[in-house]
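> pasting a predicted model and its sequence here:
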4 protein chains.
Amino acid sequence: MSVKPGAGATTEICTFDADNILIRGKNLVDELIGQYSFTELFLLQALGSEPTELQSRIVDAVMVTIMEHGLVPSAIATRLTHYGAPESFQGAVAAGLLGVGDRYAGTAGECGAILERIVAAPEAERSATALAEVRAYRETRRPVPGFGHPIHHEQDRRVPRLVGFAEQAGAVGEHIAAMHHLESALAEVLGRRLVTNISAAIAAVLGEAGVPASLMRGIVLTARCAGLVGHLFEEMSNPAGHDLWVGAQKGVATPS
Amino acid sequence: MSVKPGAGATTEICTFDADNILIRGKNLVDELIGQYSFTELFLLQALGSEPTELQSRIVDAVMVTIMEHGLVPSAIATRLTHYGAPESFQGAVAAGLLGVGDRYAGTAGECGAILERIVAAPEAERSATALAEVRAYRETRRPVPGFGHPIHHEQDRRVPRLVGFAEQAGAVGEHIAAMHHLESALAEVLGRRLVTNISAAIAAVLGEAGVPASLMRGIVLTARCAGLVGHLFEEMSNPAGHDLWVGAQKGVATPS
Amino acid sequence: MSVKPGAGATTEICTFDADNILIRGKNLVDELIGQYSFTELFLLQALGSEPTELQSRIVDAVMVTIMEHGLVPSAIATRLTHYGAPESFQGAVAAGLLGVGDRYAGTAGECGAILERIVAAPEAERSATALAEVRAYRETRRPVPGFGHPIHHEQDRRVPRLVGFAEQAGAVGEHIAAMHHLESALAEVLGRRLVTNISAAIAAVLGEAGVPASLMRGIVLTARCAGLVGHLFEEMSNPAGHDLWVGAQKGVATPS
Amino acid sequence: MSVKPGAGATTEICTFDADNILIRGKNLVDELIGQYSFTELFLLQALGSEPTELQSRIVDAVMVTIMEHGLVPSAIATRLTHYGAPESFQGAVAAGLLGVGDRYAGTAGECGAILERIVAAPEAERSATALAEVRAYRETRRPVPGFGHPIHHEQDRRVPRLVGFAEQAGAVGEHIAAMHHLESALAEVLGRRLVTNISAAIAAVLGEAGVPASLMRGIVLTARCAGLVGHLFEEMSNPAGHDLWVGAQKGVATPS
């Protein structure tokens, strides 16, 4: 066969031999197990630098916030997949994760990218940058990510809680301020306030933790993975798959 | 890093260079496109031998039989996944395929393996072999794959149609006879007849086509892939995802 | 729980009861099994109208063209997944399909959408429309889908073969002509010719078959599903997973 | 359509309305965010009871242990999937998770089930129970899960580290003792010692934490999800996909 030859790719994450596993240069056995929390190692592995206490507290709180939200579509997909394929635990979890996409959970990263661009501007220009961002979305008829919610119309109580937690933990507040700039810009353009949803709050506090927008969906996915595992574990002993199927069918009319 | 060195693995399916793609030794451009049907190439690629007309007619009929069955759990999983992740067509299809497992669609392969063991016995012993197979399943409290159906209690009309088609197409009938041995053995052991479901019929006719049991699930998957594509295509212009979600939720009681 | 109530969703694809399965109004047992080919039923199920011979011949030829291309990344992903999870046939196939995305196989649909826009213009303006399309892509620094190939630099022999097949089968040629407009526009803007790759040809001939661009990726996925099934079937009896792993590791330098 | 009517399915995990989300009866905003760690909420959500400090310390240490192991097959599958489908973060992660199956990471749960059966026996009979378990595996020619490793032939240093950590954290030691019974039984039957691998250690310490065997794979999956996220994040800025592909291809001979 013939494809372009390899171009000297590298990875900086991990190396191992028969005796040792080194993650970002630290020995798993001697330096990590029992000394780093799961969240701390997640940050070290992904970002390559020692996590600060602020970072690990915020990322941990975000994962607590987003882990579980009842019988959402991804949890239903996991349970229905198990109903047909009980032999594959990982298949059922993967099916649920495949729905953690642009529409809900994936919006944190997109909102985070907007906040990054606002924070990158000089402070005096951030309000105007937010307005320009909102207008660019409106012109291309895309919804501004992080605003509006199908259930929590008035206020999503998770938002002030998560933001307040980050502030108490010591966040300097630039990304949170950027989120407020975005709220104001959106209200100005729309002529009414849309509820700030949890994706915007996640984007803001993860920005405070120095998590790049392009990593945010990965943090959401990991938290949701845990949540889907819990649903699947319940499904294995107290199955709801059949009733989810019957109920879903009733929601849709077929040709008469 | 260090892992065991490679051991000289090979593949016989395909080779290519900048000018040619050879599948099982045949040139894709000069010998396959326009000359082999999809089903014929599927057989050639997977089995490595020239498909007979009997093989391709039976495999094609099986895929027609199993492609579509309405809003089954896998179709719902595909639509719910698209609801959350509209950016990934393949993700929604993959989510649906993950549920094509042991419980329904995957049973054809397991039944096919039983039929292969019955056919491997001398003709005079096939009835006894079928009885021994059924008893082995009963002793380990596993359901015999291919029998019983949640919807078609009396008869699954697809079964005689598919079997009849294979017979008319020229099947010699050994695997079909093995299926009937299995039906009789099951009725004898249970004291009543269970409906023969479509998985048993698929196993029997694919056995007639010389398709090994270990490949049968792959044929079911490919047919279901096409069916899920159709559901996803409808979902994109006439979405049912939200209503499937609402309906599914109604089917399950949450903590009060 | 509370979500927005269902809004009267419908599906037109299939309905069933204990005795019958109707796909697009046709009885599976009485009208489809043995009378429609797999490709014909795929078209009927997805598009909802009786497939013409031109449609089914072109779609079938496209699936033959794209089913198999050796140890491409998706086939490797399928085999590596089986290496770790031999219990789940469908999981290994799904892992491979997840990589059939925007970069290679998914480009047919995007190119098809461009061709649709060109064909939607009056004939005298199609050349100018193609030029405008190319310029819009260049301005946003996106590659025009369907052109350039990592392996087939000079010419992809599949392209004239597939297009020629469609023409012989009776295609009227509007989408094929649109593809040629796009080739010329791209050459004019770039100052050199890029090879027309198989995605453009698929887009053109599927357009001739009346397949909407938004369905094209689904046809590619189904064909690739069959190809991945064949790789997995070989992997089960002649495993390459370990050697693929060892080889892949050698391609990437780890921290010293 | 007609399927069996729903049978009164329930879920105990979560309920929500427009104002509140309750997970296992606790209010997410008022009682969980900022007060439970990710690992604690994972335990609460899945098991339905308040996690002890021992439980959360052990589960956290297990997830640290198993999160990352370099360019293993699942990490390669994630990177190859991104190479073909850069549009879907979750698709690339899901593809990697699909390979976290029976062969490596999934063995913890199977080993855990054996340890549960040993611990369920009266203390004086546990050694004999372990021997019976090993013999049952040998008779059916299945490898005893948790023993032997392709890389760490002599000793896997993670094993004593993780077990020692659990003991220091206050584990009572019944499942760890069961693991040692299993080691001895295996050595007796085989006539030589096989290395105890990390899956056995995970099974033992998670057993000490009161995690049922049927949940163990879910903990491994969640940890691996984080690890795959890190690989994907690196891949997005420092791609290795092409070189992994080229390297993998070199590992396998194609037809000449």
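Good, I have the coordinates.
> contacts, neighbours, all on C-alpha from now
Noted.
> need the helices for the stretch 151-256 of chain A, in chain order.
A:158-169, A:174-190, A:198-208, A:213-237, A:241-250 (DSSP state H, counting those that start in this stretch).
> ok, now which ones touch residue A:99?
If you count contacts by CA atoms under 8 Å, 6 or more residues apart in numbering or on different chains, residue A:99 has them with A:73-74, B:80-85, B:91-92, D:90.
> and those residues near chain C, which?
Restricting those to those near chain C by CA under 8 Å from any CA of the partner chain leaves residue B:91.
> among the helices of the stretch 151-256 of chain A, which is the most enclosed?
Per residue and on average, the most neighbours among those fall to helix A:198-208, with a mean of 28 (mean count of other CA atoms under 10 Å in any protein chain shown).
> around chain B, pick out the residues from the stretch 151-256 of chain A.
Counting by CA under 8 Å from any CA, the stretch 151-256 of chain A sits next to chain B at A:240, A:243-252.
> please tell me how far the closest residue to residue A:23 other than its chain neighbours sits from residue A:33.
Spatially, and ignoring its direct neighbours in sequence, residue A:23 is nearest to residue A:14 (4.5 Å; CA to CA, 6 or more residues apart in numbering or on different chains). Using CA to CA, to the nearest Å, residue A:14 is found at 15 Å from residue A:33.
> check contacts around residue A:209.
Residue A:209 makes contacts with A:54-56, A:58-59, A:171, as judged by CA under 8 Å, 6+ apart.
> now chain A, which segments are flagged as low pLDDT?
Within chain A, the segments meeting pLDDT under 70 span A:1-6, A:150-153.
> what about the strands in it?
For chain A, the strands defined by DSSP state E cover A:9-10, A:14-16, A:21-23, A:26-27, A:252-253.
> next, count neighbours for residue A:141.
Using other CA atoms under 10 Å in any protein chain shown, residue A:141 has 9 neighbouring residues.
> spell out which parts of the stretch 151-256 of chain A neighbour chain D.
Checking the stretch 151-256 of chain A against chain D by CA under 8 Å from any CA, the hits are A:151-153, A:155-158, A:161-162, A:165, A:214-215, A:217-219, A:221-223, A:225-227, A:229-231, A:233-234, A:238-240, A:242-243, A:246-247, A:254.
> go again with 6 Å.
A:151-152, A:158, A:218, A:222, A:225-226, A:229-230, A:240, A:243 (CA under 6 Å from any CA of the partner chain).
> of those, which pair is most distant in space?
Pairwise distances across these (CA to CA) peak at 31.3 Å, for the pair A:218 and A:243.
> gap between the residue sitting nearest the centre point of chain A and residue A:48?
Taking CA atoms, centre = their mean as the criterion, residue A:220 is the residue nearest the geometric centre of chain A, at 2.6 Å. For residue A:220, the distance to residue A:48 equals 19 Å [CA to CA].
> same question for residue A:142.
From residue A:142 over to residue A:48 (counting by CA to CA), the distance is 34 Å.
> so which of the two has more stuff around it?
The neighbour comparison of residue A:142 against residue A:48 (other CA under 10 Å) goes to residue A:48, with 17 against 10.
> state the distance from the closest residue to the more buried one other than its chain neighbours to chain D.
Sequence neighbours aside, residue A:24 is the residue nearest to residue A:48 in space, at 6.0 Å (criterion: CA to CA, 6+ apart). Counting by CA to the nearest CA, to the nearest Å, the gap from residue A:24 to chain D is 10 Å.
> again with residue A:40
Look at residue A:40 and chain D: by CA to the nearest CA, they are 9 Å apart.
> that residue: neighbouring residues, count only.
Neighbourhood size, residue A:40 [other CA under 10 Å]: 21.
> likewise for the one 4 residues further on?
The local packing of residue A:44 (other CA under 10 Å) involves 21 other residues.
> since that was my last question, I'll sign off now.
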